[in-house]
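K.L.:
what follows is a predicted structure for the sequence shown.
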Amino acid sequence: MQKFDAIIIGAGQSGMPLAKKIGSLGKKVALIEKRVIGGTCINDGCSPTKTMVASARVAHLVNRASDFGVNVNGFEIDQKKIKARKDHIVELFRGGAEKALVKAENVTIIIGLARFTDCRQVEVIHEGEKIEELEAEHIFIDTGAEPIIPKMNGLQDVPFLNSTSIMELDETPEHLIIMGGGYIGLEFAQMFRRFGSQVTILDKGPRLVPKEDDDVCEEVSKIFREEGIRTSFNSNVIKVAKKGAGILVTIEKDGQTDTIEGSHLLVAVGRKPSTDKLQLEKSGIETDEKGDILVDEYHETSCKGVYALGDVVGETPFTHMAYHDAHTVFKCVYENEKISKIDRLMPYCIFIDPQLARVGLNEQQAKEKGIPYEVGKYWMKHAGRPLEVDEKRGFFKVLINPENRMILGATILSIDGGEIIATIQMAMLGGITADVIRHLPIAHPTLAENLNNVMGMIGKGEK
């Protein structure tokens with residue numbers, strides 16, 4: 001039994017920075033990773049997908065080059081080169097992460113599957129054999145999440161894709177059918193449509209982006225229709241089967257059955273926590289019915305001294321929040337500074353084009369909570385910079401407290417929406433009112449200067 005001061009299970013966006021922080025204190029850290037360093041973000045999520053999104057945007061711009069007075073006499077998509085570019089970025093980021101961990105003080109990297117044998121003890125399995133037994137005063141779980149593969153008639157008999165395997169394609173699908181209209185499905189739908197695929201989204205729900213306001217849904221849906229992406233809502237997939245070289249999908253909708261034939265099928269119906277191989281039952285660590293590890297506001301599990309961070313907790317499945325988990329847990333455990341995860345202002349960005357970003361409350365949430373608000377909305381079709389670069393789709397939208405004029409939340413559907421939402425997040429944390437932002441001299445011509453405009457529209461309807 002090897003003894004460490006800390007054991008970290010999973011070298012993702014919580015595990016890596018946490019290992020380095022703890023090791024810098026002179027404490028012995030075991031960092032256990034079953035697959036590759038970097039977690040989902042570097043290997044399967046943010047880095048590879050956004051690299052491919054960038055290729056898709058170039059294709060989109062070339063396709064509409066004539067709108068800018070530039071005549072391009074045809075172009076073609078090289079899916080193998082797109083994949084190679086993606087692989088290069090992944091290897092670059094992963095290599096940097098591995099080098100940083102190797103250089104880190106007091107950190108021992110162990111490759112293998114970790115599973116609990118007791119609350120403070122784990123064993124590591126590599127290639128089916130036990131190779132290590134470890135114990136520590138503190139254990140941190142950062143095993144992340146993985147794609148959900150639903151039980152469905154015929155699914156195991158067809159070569160379906162998930163959010164990882166679809167990025168390994170060497171060919172551009174002729175017709176990509178996507179099960180699931182969530183954030184992952186939307187990014188891949190627009191990406192492959194811009195690569196030239198016919199794309200059909202099948203979703204059980206009644207609309208796209210159901211957590212967003214109705215006007216956001218309407219604009220995103222309009223954008224997807226304009227790009228030729230087909231959507232079928234309230235559609236329950238009941239069967240899939242091979243048909244020649246393609247796939248036949250049977251759906252049930254409004255009491256009727258129908259079939260859709262495509263060349264490829266992407267299953268993107270959500271993700272689940274990677275907890276099933278941890279033997280949590282031997283540790284006393286409690287989970288909910290989905291397998292998410294239950295934690296208190298400081299990320300401590302039902303087993304004292306054991307913490308869970310990142311996607312495995314299930315509440316905030318975003319890389320930036322996983323990274324922040326490492327910061328707050330380190331502060332709590334090693335610097336006795338309690339930072340509650342409940343108090344955090346969480347931003348997020350969906351990398352469709354234009355980007356959809358949000359922080360704080362939207363209208364439907366404010367109404368559900370009974371919080372009074374005023375709203376300002378400014379369309380990009382009236383904004384200087386978007387007109388100049390011909391990116392006129394979307395809008396800025398902000399909610400404020402009518403009494404003190406503080407910002408309650410904002411939704412940005414715009415080019416570089418994720419960059420703008422960070423500015424609003426800082427204003428909210430800094431207690432800066434809408435009126436202060438309205439009268440700020442912001443550099444012209446920039447996208448950010450439309451914060452003047454949206455604040456000026458509060459209580460005045462739309463423009």
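P.N.:
Sure, I can see it. Everything quoted here is computed from the prediction, not taken from an experiment. Residues are numbered from 1 along each chain as shown.
K.L.:
and the longest helix seen in the chain, how far out from the chain middle?
P.N.:
Counting residues, the longest helix in the chain under DSSP state H turns out to be helix 79-103. Put simply, helix 79-103 sits 19 Å off its chain's centre (Cα atoms, centre = their mean, to the nearest Å).
K.L.:
how about the helices in the stretch 201-350 of the chain?
P.N.:
Per DSSP state H, counting those that start in this stretch, the stretch 201-350 of the chain carries helices over the ranges 214-226, 319-334.
K.L.:
now do the buried residues in the longest one.
P.N.:
Right, helix 319-334. Neighbour-count burial for helix 319-334, counted by 16 or more other Cβ atoms under 10 Å, picks out 319, 321-326, 328-330, 332-334. Glycine gets a C-beta too; all of them are placed from N, C-alpha and C.
K.L.:
picking up where we left off before, tilt between the helix or strand following the longest helix of the chain and helix 79-103?
P.N.:
Next in sequence after helix 79-103, counting helices and strands by DSSP states H and E, comes strand 107-111. Interaxial angle, strand 107-111 versus helix 79-103 (axes from the mean of the first three to the mean of the last three Cα atoms, to 10 degrees): 140 degrees.
K.L.:
adjacent strands (with direction) for strand 107-111?
P.N.:
Strand 107-111 has the following strand partners under DSSP bridges: strand 29-33 (parallel).
K.L.:
related to what we said a few turns ago, could you dump the helices of the stretch 201-350 of the chain to TSV with distance to Leu413 and mean pLDDT?
P.N.:
Converted to TSV, the helices of the stretch 201-350 of the chain look like this (distance: least, Cβ to Cβ, whole Å; pLDDT from 0 to 100):
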stretch	distance to Leu413	mean pLDDT
helix 214-226	6	97
helix 319-334	20	96
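K.L.:
burial count for Glu227?
P.N.:
Per other Cβ atoms under 10 Å, the neighbour tally for Glu227 reads 15.
K.L.:
what does the pLDDT read for it?
P.N.:
Looking at Glu227, its pLDDT reads 97.
K.L.:
and what of the one 5 residues further on?
P.N.:
Among the per-residue scores, Ser232 shows a pLDDT of 95.
K.L.:
and Glu286, by the same measure?
P.N.:
96.
K.L.:
which residue is the nearest non-sequential neighbour of it?
P.N.:
Nearest non-adjacent residue to Glu286, counting by Cβ to Cβ, 6 or more residues apart in numbering: Ser302, 4.3 Å away.
K.L.:
that neighbour against Thr287, yeah?
P.N.:
No. At 9.3 Å, Ser302 and Thr287 do not qualify as touching, with contact defined as Cβ atoms under 8 Å.
K.L.:
may I see the buried residues of stretch 206-225?
P.N.:
For stretch 206-225, the neighbour count (16+ other Cβ under 10 Å) marks 207-209, 212-213, 215-217, 219-221, 223-224 as buried.
K.L.:
could you dump those residues into a markdown table and include distance to Lys103?
P.N.:
Below are the buried residues of stretch 206-225 laid out as a markdown table (distance: Cβ to Cβ, whole Å):
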| residue | distance to Lys103 |
| --- | --- |
| Arg207 | 49 |
| Leu208 | 44 |
| Val209 | 42 |
| Glu212 | 42 |
| Asp213 | 47 |
| Asp215 | 49 |
| Val216 | 44 |
| Cys217 | 47 |
| Glu219 | 47 |
| Val220 | 43 |
| Ser221 | 48 |
| Ile223 | 45 |
| Phe224 | 45 |
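K.L.:
ok, which pair from those residues is furthest apart?
P.N.:
In the buried residues of stretch 206-225, two members sit farther apart than any others by Cβ to Cβ. They are Asp213 and Phe224, at 16.8 Å.
K.L.:
follow-up on the earlier one: so which bits of the longest helix of the chain are buried?
P.N.:
For helix 79-103, by 16+ other Cβ under 10 Å, it's Gln79, Ile82, Lys83, Arg85, Lys86, Ile89, Val90, Phe93, Arg94, Ala97, Glu98, Leu101.
K.L.:
against which helices or strands is that helix packed?
P.N.:
Judged by 3 or more Cβ pairs under 8 Å, 6 or more residues apart in numbering; DSSP states H and E, the packing partners of helix 79-103 are helix 15-23, helix 39-43, helix 46-63, strand 107-111.
K.L.:
report the contact partners of Leu101.
P.N.:
Ala11, Met16, Ala19, Lys20, Leu31, Ile37, Val107, Ile109 (Cβ atoms under 8 Å, 6 or more residues apart in numbering).
K.L.:
and if we set it to 7 Å?
P.N.:
Met16, Ala19, Leu31, Ile37, Val107, Ile109 (Cβ atoms under 7 Å, 6 or more residues apart in numbering).
K.L.:
same check, this time on Thr259
P.N.:
By Cβ under 7 Å, 6+ apart, Thr259 lies in contact with Leu248, Val249, Thr250.
K.L.:
what would these look like in a markdown table with neighbour count, distance to Gly360 and pLDDT?
P.N.:
Output for the contacts of Thr259, formatted as a markdown table (neighbours: other Cβ atoms under 10 Å; distance: Cβ to Cβ, whole Å; pLDDT from 0 to 100):
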| residue | neighbour count | distance to Gly360 | pLDDT |
| --- | --- | --- | --- |
| Leu248 | 18 | 44 | 97 |
| Val249 | 25 | 38 | 97 |
| Thr250 | 16 | 42 | 97 |
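K.L.:
between these, which is closest to Gly370?
P.N.:
Using Cβ to Cβ, Val249 is the member of the contacts of Thr259 that sits closest to Gly370, with 42.3 Å.
K.L.:
identify the residue nearest Met428 in space, chain neighbours excluded?
P.N.:
Ile407 (4.9 Å).
K.L.:
neighbouring strands - and their directions - for the strand or helix carrying that neighbour?
P.N.:
Taking DSSP H and E as the criterion, Ile407 maps to strand 407-414. Strand 407-414 sits in its sheet next to strand 355-360 (antiparallel), strand 395-400 (antiparallel), going by DSSP bridges.
K.L.:
domain ranges for this protein, per the record?
P.N.:
Domain assignment for the chain by automatic domain parsing gives 2-146+272-343, 155-269, 347-456.
K.L.:
circling back to that earlier point, for Leu447, find the nearest of the helices and strands packed on helix 79-103.
P.N.:
helix 46-63 (16.1 Å).
K.L.:
between the closest one and helix 319-334, how many degrees?
P.N.:
Using the same axes, to 10 degrees: helix 46-63 against helix 319-334 is 160 degrees.
K.L.:
dump the C-alpha coordinates for helix 46-63 into PDB.
P.N.:
This file holds the C-alpha atoms of helix 46-63, laid out as PDB (Å, rounded to 0.1, in the frame of the first residue of the first chain):
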ATOM      1  CA  CYS A  46     -13.400  21.800 -26.700                       C
ATOM      2  CA  SER A  47     -10.100  21.700 -28.500                       C
ATOM      3  CA  PRO A  48     -10.900  19.300 -31.400                       C
ATOM      4  CA  THR A  49     -14.400  20.500 -32.000                       C
ATOM      5  CA  LYS A  50     -13.600  24.200 -32.000                       C
ATOM      6  CA  THR A  51     -10.700  23.400 -34.400                       C
ATOM      7  CA  MET A  52     -13.100  21.800 -36.700                       C
ATOM      8  CA  VAL A  53     -15.700  24.600 -36.200                       C
ATOM      9  CA  ALA A  54     -13.000  27.000 -37.400                       C
ATOM     10  CA  SER A  55     -12.500  24.900 -40.600                       C
ATOM     11  CA  ALA A  56     -16.300  24.900 -41.100                       C
ATOM     12  CA  ARG A  57     -16.400  28.700 -40.700                       C
ATOM     13  CA  VAL A  58     -13.700  29.100 -43.400                       C
ATOM     14  CA  ALA A  59     -15.800  27.000 -45.700                       C
ATOM     15  CA  HIS A  60     -18.900  29.100 -44.900                       C
ATOM     16  CA  LEU A  61     -17.000  32.300 -45.700                       C
ATOM     17  CA  VAL A  62     -15.500  31.000 -48.900                       C
ATOM     18  CA  ASN A  63     -19.000  29.800 -49.900                       C
END
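K.L.:
kind regards, and thank you for your time.
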